[in-house]
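1. Following is a predicted model, sequence given first.
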Amino acid sequence: MLGERLRVKFGYVKSFMRLSRGKDRVNEASRDFVYGTFSEFYSDPSTVIPSPASLGQRELGFLLFKERIMLRHQIFARINDLKLFLGERVPSDVYRSCAYYENPAAEMDKKGWLGADLVFDIDADHIPTSCDKLHDEWTCAKCGFSGKGITPEACPACEGQKFDAKTWPCEVCLESAKEETIKLIDMLSVDFGFSDSEVSVFFSGHRGYHVHVENEAVKTLDTMARKEIVDYITGLGLSVLGGDEAKGRSAKRRRARSFSLHDFGWNRRLKLGLRNFILNATKEDLIDAGVKSNSAVILRNRELILKRCIEEGRWSSVKGVSVGTWRKLAEYVKDLESSKIDTVVTTDTHRLIRMNGTLHGKTGFRKVEFPATHLADFNPFEEAVAFKEGAVKVSVSDAPKFRLGGSVLGPYKRQTVEVPTAAAVLLICRGRAEVAN
Ligand SMILES: [Zn+2]
Ligand SMILES: [Zn+2]
């Protein structure tokens, strides 16, 4: 027996249990089929699992298909030992710690924490999109109340916090996750000064992207320091255009004069963002930004506003565009320019994160690394596809239209179809299909 079996205590374990509970969502034949594809993938000599830095100081964790348990506190000195293990045990999900430990196999409080990479997770689950109501549904596990779109924090009917969520790794949602990732990487490189070689970018294998920073200076940052970084990235607590602490007319005038957006950090981001926004805004955008009554003036005087207010910093020099208007616009632009990261992941210095090169149990996609310069062109539906051969007949309950490995598939509604292996794995893992008899 390799290590101790720990109690299942993570959210993702819950959703896997649902998948593997046989009767309700996925039948045994389907589960065996997915297991078979994962097994083949990990046993294939051509499958390369890249080793993270200092593998021997990391804790590894596995969610096992058959035993349906989370195996934690595992250690591997060499990546080849891990590869052998994966071929033998075939986990549905493979995790490794962001942290480095003296004794990674010890219990949590005896591990001897040496430091941790700075890790960011950007997941479509946290980003509202125009399509999430079309393909995402949730049902309260306690009372059965259900809805469409992003799963709420608490059930509106009973305030329960456990949900059965049915989501889909959709192209549009993944594009919005990508945009948030692009903003994050820009901040890490321009504002924080991390070099390209210190910042690694990954597709998570499901609905988003991971960004890791490996650097001696960040390694020993504690949770509080990481929270400061999170606040910067999300723009939390940023006082926009001088803030509004001071009250009264003279203070107001003083503030209007003292507005000046210099060319570094958030100041630069607000300046560029405001310029961009004013340049391209439609009436609807201005209404969205909460400046409906000034919209006509702004649309009429774009050029003048750009020059006098934004370039020269004379914020109250255009009639009808007050300091208050600028503050509203800046708040709105701050929201556009910040990056919607999952804040909990970054502040957790003991976090287990999916291992690069391994399969995601909810999709069959691979977590893959690629250069940050490739992010804009990265296509997960091509580049994260792990199973490239074969076709399987499945009975699909329902699935939206999707592209995968060069084919366009669906939409499907209660029908039996033959699809490429990768699509069959995806549909089964998402609880949308079964292997047809
Ligand atoms: Zn409920
Ligand atoms: Zn979507």
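-> Perfect, thanks for sending it. Ligands and ions are numbered 1, 2, ... in the order given.

2. C-alpha only now, for contacts and for neighbours.
-> Will do.

3. show me what contacts residue 95?
-> 60-62, 352-355 (Cα atoms under 8 Å, 6 or more residues apart in numbering).

4. C-terminal to the one helix or strand residue 181 maps to, what's the next element?
-> Per DSSP states H and E, residue 181 falls inside helix 171-186. Toward the C-terminal end, the helix or strand that comes next after helix 171-186 (DSSP H and E) is strand 199-203.

5. Does that following strand pack against any helices or strands, and if so which?
-> With contacts taken as 3 or more Cα pairs under 8 Å, 6 or more residues apart in numbering; DSSP states H and E, strand 199-203 sits against strand 208-213, strand 368-370.

6. Walk me through which strands it pairs with, and which way each runs.
-> strand 208-213 (antiparallel), strand 368-370 (antiparallel) (DSSP bridges).

7. hang on, residue 320 is in a helix, isn't it?
-> No - the assignment for residue 320 is coil, going by DSSP: H, G, I helix; E, B strand; the rest coil, so no helix is present there.

8. OK, contacts around it?
-> With Cα under 8 Å, 6+ apart, residue 320 has these contacts: 294, 297.

9. Could you do residue 388 as well?
-> 405, 420-422.

10. residues in contact with stretch 196-206?
-> 169, 189, 209-215, 354, 356, 359-360, 362-372, 380, 384.

11. of all of the stretch 1-150 of the chain, which residue lies closest to ligand 1?
-> Of all residues in the stretch 1-150 of the chain, residue 143 sits closest to ligand 1, at 4.1 Å by Cα to the ion.

12. was I right about that residue contacting residue 159?
-> No - look at residue 143 against residue 159 with Cα atoms under 8 Å: they stay out of range, at 9.4 Å.

13. what touches both of these two?
-> Counting by Cα under 8 Å, 6+ apart, nothing touches both residue 143 and residue 159.

14. for this structure, which spans come out with low pLDDT?
-> Within the chain, the stretches with pLDDT under 70 are 1-26, 242-259.

15. Give me every residue in it lying close to ligand 1.
-> Residues of the chain lying close to ligand 1 (Cα under 5 Å from the ion) are 140, 143, 155, 157-158.

16. with the residues you listed in mind, which one is nearest to residue 231?
-> Closest approach to residue 231 among those (Cα to Cα): residue 155, at 27.4 Å.

17. Pull the number of nearby residues for that closest one.
-> Counted with other Cα atoms under 10 Å, residues neighbouring residue 155 total 22.

18. For it, what is the enclosing helix or strand?
-> Assessed by DSSP H and E, residue 155 sits outside every helix and strand.

19. check contacts around it.
-> 140, 145, 161.

20. who wins for neighbours among these?
-> Ranking the contacts of residue 155 using other Cα under 10 Å puts residue 140 first, with 23 neighbours.

21. mind listing what the closest residue to that one other than its chain neighbours touches?
-> Spatial nearest neighbour of residue 140, excluding adjacent residues (Cα to Cα, 6 or more residues apart in numbering): residue 163 at 4.6 Å. By Cα under 8 Å, 6+ apart, the contact set of residue 163 is 138-141, 151.

22. Kindly report the same for residue 135.
-> So residue 135 contacts 148-149, 166-168, 400 (Cα under 8 Å, 6+ apart).

23. Now a ChimeraX select for only the buried ones of the residues you listed.
-> Buried subset of the contacts of residue 135, written as a ChimeraX selection, criterion 16 or more other Cα atoms under 10 Å:
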select :148,149,166,167,168
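
24. Which one of the contacts of residue 135 is nearest to residue 340?
-> Nearest to residue 340 among those, with distances taken as Cα to Cα, is residue 149, at 17.2 Å.

25. Next, that closest one: phi, psi?
-> Note on residue 149: backbone dihedrals following degrees, to the nearest 10 are phi 90, psi -160.

26. Run a quick neighbour tally on the closest residue in space to it that isn't next to it in sequence.
-> Spatial nearest neighbour of residue 149, chain neighbours left out: residue 133 (3.9 Å); criterion: Cα to Cα, 6+ apart. With neighbours defined by other Cα under 10 Å, the count for residue 133 comes to 14.

27. element containing residue 133, please.
-> Using DSSP H and E, residue 133 falls in helix 132-135.

28. Could you export that helix as CSV, CA atoms only?
-> Taking only C-alpha atoms (Å, rounded to 0.1, in the frame of the first residue of the first chain), the coordinates of helix 132-135 have been written out as CSV:
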residue,chain,number,x,y,z
ASP,A,132,-23.1,30.2,-19.3
LYS,A,133,-26.9,30.2,-19.0
LEU,A,134,-27.1,28.1,-22.1
HIS,A,135,-24.8,25.2,-21.1
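
29. Please list all residues in contact with the residue in the stretch 251-400 of the chain that ligand 2 sits nearest to.
-> Closest to ligand 2 within the stretch 251-400 of the chain is residue 400: 10.0 Å, counting by Cα to the ion. Under the criterion of Cα under 8 Å, 6+ apart, the neighbours of residue 400 are 135, 410-412.

30. Compute the distance between it and residue 430, please.
-> From residue 400 across to residue 430, the span is 12 Å (Cα to Cα, to the nearest Å).

31. Equivalent analysis for residue 270, please.
-> When residue 270 is compared with residue 430 (using Cα to Cα), they lie 40 Å apart.

32. which SS class is residue 30?
-> helix.

33. The closest residue to it other than its chain neighbours bridge partners, please.
-> With Cα to Cα, 6+ apart as the criterion, residue 30 has its nearest non-adjacent residue at 5.1 Å, and that residue is residue 435. With DSSP bridges as the criterion, residue 435 is bridged to residue 394.

34. Touching, residue 435 and residue 395? I think so.
-> Yes - between residue 435 and residue 395 there is a contact under Cα under 8 Å: 6.3 Å.

35. Which one of those two is surrounded by more residues?
-> residue 435 (25 against 21).

36. Show me which residues of stretch 177-190 are buried.
-> Buried positions in stretch 177-190, judged by neighbour count with 16+ other Cα under 10 Å: 177-178, 180-185, 187-188.
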